[in-house]
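In: Have a look at this fold, sequence not included:
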Ligand SMILES: Nc1nc2c(ncn2[C@@H]2O[C@H](COP(=O)(O)OP(=O)(O)O)[C@@H](O)[C@H]2O)c(=O)[nH]1
Ligand SMILES: [Mg+2]
């Protein structure tokens, strides 16, 4: 951990020079965080050579960018974000997407630019150099984000909430084995290492199935799905139990007490540490949401995504002091961009709908009321365009759609996504779930940072998030 | 003429109107699906067109008298300060040794005088060129091929007669056909004739940047810094103008000159402030604010930005946004070289 003194000096230096900004890239697993970071870095590095790729980022559009490069500094706590490896995966045969993220990594980009204002020029002159901004980014498995809400809950509360959720709808079927085990082992049973471990294994298997074959997201704890560097130690062997109403602290010697102890260790050792170490001093945040997939996968998946987002957002709680703020002293996020990712799966005419749907999904107007002076915005983006616009006759009607080539196939397919509503559909208006959204291969990409990567409104999102720091 | 009362009431009485079941409505609930195609090969994505670019010239602000008065005051202050500091330098040398002092005074006088002479000469040769305004205006309305043809002919006439332009003009004449539209002709002129001139103007900018870099690193006082910077930028203005065979309009020349003076002024003033600060803050701060090198690099970069601005002002065919040279392409080399030396 970093000492409070050091962090205080760091913040002071940053406050005075205003030269560092940390961008929190937030999103559930598969929302597109890794691809977003990779394209963002590649396009920033390329922008000095090819300014036409990001005209809406004003420092580029106004030709004030001198250059951007990856900060080579040594004193990093975390592994380096595998930027080059990710670009390589996309740019070389067989063209594929970056690997799934299984641990946390970080990267810093130094951006040098000519200041736009006379004041900025004066300051720049005083320091004897053009202005520069260091952009700090981290990448991590999206599953871990859902650990944040645990910090506010006791074991008993968490157990009750989890069981209520898992006994409903499609989850009940996926969780059958584990629910049966819970029914056979009441909370008051005598503590046993063997039973605890069995409960953990059954619960973890359920979480995996729910994520991998049913596309659900609201699954806790995140490290059960994606342990990272965590070795499987006995304190991880816990799972929710059927806690009777009104019982807050389990009786000594019971199975529930053992579970509750482990749950508390998990919170203190894993969750708090992770956030205190890596989510400090975030000034800006982008929340990536795969709105299209949630919409196409049907009401249950949509509601699941919405719930998960709500849980995460309530931990950040802008303007007011959310969990995160209390945990790390200060977290003044003053700009948040909600981005509907993979907008290249939707023809241009409907992209606004995607953004509008996200606006309603996260209840932005309500969020705006509670978020003090933080600025929020919504945009539909694609970090990497891998489709072309096309049209197709359906029932005698010509409709716009997109065409792309699925990974590993040699023929292009057209994807028609239907009409994107601007509000979550009413109960009777849902189509049957459509889960086989093709994974289109990435387009031809120049691996050296010269040409950049085609994108949709990545520049505009960046301008909202960082523009004021690049004046 | 007048409607019967009951008829009007009828019009506004609530009722149900059967909507036509348009094709749109029927597609509304159409489920998502995938269509196979016979096409092979990779897709070539097209980025959605960015919204129309902002107008290049910002809207005219209302004159703010107080502000301009303030700026005038500040300018006077800095000019005074610059002169004083140069005087200070001379005097301090004179105290050590009268001969040194006299020499320093001569140097400063020679420097300032020489730079002013250069400035005057550049300005005079600039005034001999034809204003760009008329040319740009004739190209602005290019729907009539014949008008454009005449405009192109006049433009080619104006261009300086170097081997390069002559070759370009020949290439243009060989390529252009009767059936080419006005826009196509302009495109061909751009490729054959103007682009090589752009390259030449860019080279001039690069050279001026290197000059600004070198002079700022060598010049002893802030005053000479400022005057040299001004001379170099005026020379750049003249070189670029001659490259295109045109000079900026009277109004833009005034605007440009003001900008040149301001840039030079801030550069000098900053030098002063830095030097003063360093005396007060001691060695540690000196290291941080450091380095003549940093300052000269910055001078180079500002010169390059000026260069781009000048090119925009005097090019007979206005730049399309993607044609503008980037700062990196102009001073990138200087930067990386510095960075490598710094390691
Ligand atoms: N077509 C397209 N697919 C994307 C884009 N961003 C992400 N994807 C797809 O979504 C998958 C998950 O993205 P990833 O960044 O790994 O998600 P993460 O788990 O949030 O890091 C990728 O493997 C891609 O198939 C995009 O901009 N366009
Ligand atoms: Mg990832």
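Out: Right, received. Where do you want to start? Keep in mind it's a predicted model, so treat the numbers as computed, not measured. Numbering: from 1, shown residues only, chains lettered A, B, ... in the order given. Ligands and ions are numbered 1, 2, ... in the order given.

In: low pLDDT regions in chain A?
Out: Where chain A drops to pLDDT under 70, the residues are A:1-18, A:74-75, A:117-129, A:280-281, A:317-332, A:369-370, A:372-373.

In: what are the ranges of the strands in chain B?
Out: B:33-36, B:130-131, B:246-247 (DSSP state E).

In: How about chain A?
Out: Under the criterion DSSP E, chain A contains strands at A:20-27, A:65-70, A:105-113, A:131-139, A:284-289, A:335-340, A:375-380, A:388-394, A:397-404, A:413-416.

In: Please name the nearest non-neighbouring residue to residue B:83.
Out: Setting aside the residues directly before and after it, residue B:83 is nearest to residue B:223 in space (CB to CB, 6 or more residues apart in numbering or on different chains), at 6.2 Å. The way it works is simple: take the backbone N, C-alpha and C, and place the C-beta from them, glycine included.

In: and the gap between the one you found and residue B:119?
Out: As defined by CB to CB, to the nearest Å, residue B:223 lies at a distance of 14 Å from residue B:119.

In: quick one, which of the two is more surrounded?
Out: residue B:223 (24 against 20; other CB atoms under 10 Å in any protein chain shown).

In: Can you tell me which of the strands of chain A is nearest to ligand 2?
Out: Ligand 2 lies closest to strand A:131-139 among the strands of chain A, at 5.8 Å (CB to the ion).

In: What count of nearby residues applies to the residue in the stretch 101-250 of chain B positioned nearest to ligand 2?
Out: Closest approach between the stretch 101-250 of chain B and ligand 2, counting by CB to the ion: residue B:202, at 41.9 Å. Residues near residue B:202, counting by other CB under 10 Å, number 19.

In: Pull up the gap between it and ligand 1, please.
Out: Between residue B:202 and ligand 1 the computed distance is 36 Å (CB to the nearest ligand atom, to the nearest Å).

In: if I read this right, that residue contacts residue B:327, doesn't it?
Out: No - using CB atoms under 8 Å, residue B:202 is not in contact with residue B:327; the gap is 11.4 Å.

In: Contact residues of chain A facing ligand 1?
Out: Within chain A, the positions near ligand 1 by CB under 6 Å from any ligand atom are A:27, A:29-35, A:97-98, A:101, A:142, A:341-342, A:344, A:382-384, A:386, A:439-440.

In: Per-residue confidence, the residue of the stretch 101-250 of chain B closest to ligand 2, what does it come out as?
Out: Residue B:202 carries a pLDDT value of 89.

In: list the contacts for it?
Out: Contact analysis of residue B:202 by CB atoms under 8 Å, 6 or more residues apart in numbering or on different chains lists B:307, B:311, B:325, B:329, B:330.

In: farthest-separated two in those?
Out: Greatest spatial distance among the contacts of residue B:202 (CB to CB): B:311 and B:329, at 12.3 Å.

In: What residue spans form the domains of the chain?
Out: Picked chain A for this. Taking automatic domain parsing as the criterion, chain A consists of the domains A:11-143+A:283-385+A:444-470, A:145-277.

In: The chain in question should be chain B.
Out: Residue ranges for the domains of chain B, per automatic domain parsing: B:70-134, B:194-342.

In: Averaged over its residues, which helix or strand of chain B has the lowest pLDDT?
Out: Ranking every helix and strand in chain B by mean pLDDT, DSSP states H and E puts helix B:23-27 at the bottom, with a mean of 41.

In: roughly how far apart are the residue lying farthest from the centre of chain A and chain B?
Out: Distance from the centre of chain A peaks at residue A:396, with 40.6 Å (CA atoms, centre = their mean). Per CB to the nearest CB, to the nearest Å, residue A:396 is found 7 Å from chain B.

In: One more: residue A:64?
Out: 7 Å.

In: Surely residue A:82 is in contact with residue A:106?
Out: No - applying CB under 8 Å, one finds residue A:82 not in contact with residue A:106, separated by 11.2 Å.

In: OK, contacts around the closest residue to residue B:310 other than its chain neighbours?
Out: What sits nearest to residue B:310 in space, not counting adjacent residues and going by CB to CB, 6+ apart, is residue B:240, at 5.0 Å. Taking CB under 8 Å, 6+ apart, we find residue B:240 in contact with B:201, B:204, B:205, B:307, B:310, B:311, B:314.

In: Reformat these as TSV; add neighbour count.
Out: Formatted as TSV, those follow (neighbours: other CB atoms under 10 Å in any protein chain shown):
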residue	neighbour count
B:201	25
B:204	20
B:205	25
B:307	27
B:310	27
B:311	23
B:314	28
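
In: Which one of those residues is nearest to residue A:131?
Out: residue B:307 (19.9 Å).

In: Give me the nearest residue to that closest one, chain neighbours excluded.
Out: Leaving aside its chain neighbours, residue B:307 sits nearest to residue B:205 (3.1 Å; criterion: CB to CB, 6+ apart).

In: and if you look at residue A:421?
Out: residue A:357 (6.4 Å).

In: My read is that that neighbour contacts residue A:346, right?
Out: No - the pair residue A:357 / residue A:346 is not scored as a contact, 10.5 Å apart, by CB under 8 Å.

In: Check the contact lists of the two and give me the overlap.
Out: By CB under 8 Å, 6+ apart, the residues touching both residue A:357 and residue A:346 are residue A:420.

In: nearest spatial neighbour of the residue in the stretch 351-471 of chain A that ligand 2 sits nearest to, skipping sequence neighbours?
Out: Residue of the stretch 351-471 of chain A nearest ligand 2, by CB to the ion: residue A:383 (11.7 Å). Leaving aside its chain neighbours, residue A:383 sits nearest to residue A:39 (3.9 Å; criterion: CB to CB, 6+ apart).

In: dump the residue contacts of the one you found.
Out: Residues in contact with residue A:39 (CB under 8 Å, 6+ apart) are A:383, A:384, A:453, A:455, A:458.

In: what's the neighbour count on the residue nearest to residue A:421?
Out: Using other CB under 10 Å, residue A:357 has 25 other residues around it.

In: All the helices of the stretch 251-400 of chain A, residue numbers only.
Out: In the stretch 251-400 of chain A, the segments counted as helices under DSSP state H, counting those that start in this stretch are A:255-266, A:273-278, A:291-296, A:299-316, A:323-328, A:351-361, A:364-370.

In: Flag every residue of chain A that's near ligand 2.
Out: A:33, A:34, A:101 (CB under 5 Å from the ion).

In: could you redo the last one with a cut-off of 8 Å?
Out: Contacts of chain A with ligand 2, taken as CB under 8 Å from the ion, map to A:29, A:30, A:33, A:34, A:35, A:98, A:100, A:101, A:139, A:140, A:141, A:142.

In: what would those look like in CSV with neighbour count?
Out: Shown next, in CSV, are those (neighbours: other CB under 10 Å):
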residue, neighbour count
A:29, 22
A:30, 18
A:33, 25
A:34, 26
A:35, 21
A:98, 19
A:100, 10
A:101, 22
A:139, 24
A:140, 24
A:141, 21
A:142, 25
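
In: Okay, buried residues for the longest helix along chain A please.
Out: The longest helix of chain A (DSSP state H) is helix A:193-212. Neighbour counts over helix A:193-212 (16 or more other CB atoms under 10 Å in any protein chain shown) mark A:195, A:196, A:198, A:199, A:200, A:202, A:203, A:204, A:206, A:207, A:210, A:211 as buried.

In: Check stretch A:418-434 too.
Out: Of the residues in stretch A:418-434, those buried by neighbour count under the rule 16+ other CB under 10 Å are A:418, A:420, A:424, A:433, A:434.

In: And the contacts of that stretch?
Out: A:292, A:295-299, A:301-302, A:306, A:346, A:350, A:353-354, A:356-357, A:360-361, B:27-33.
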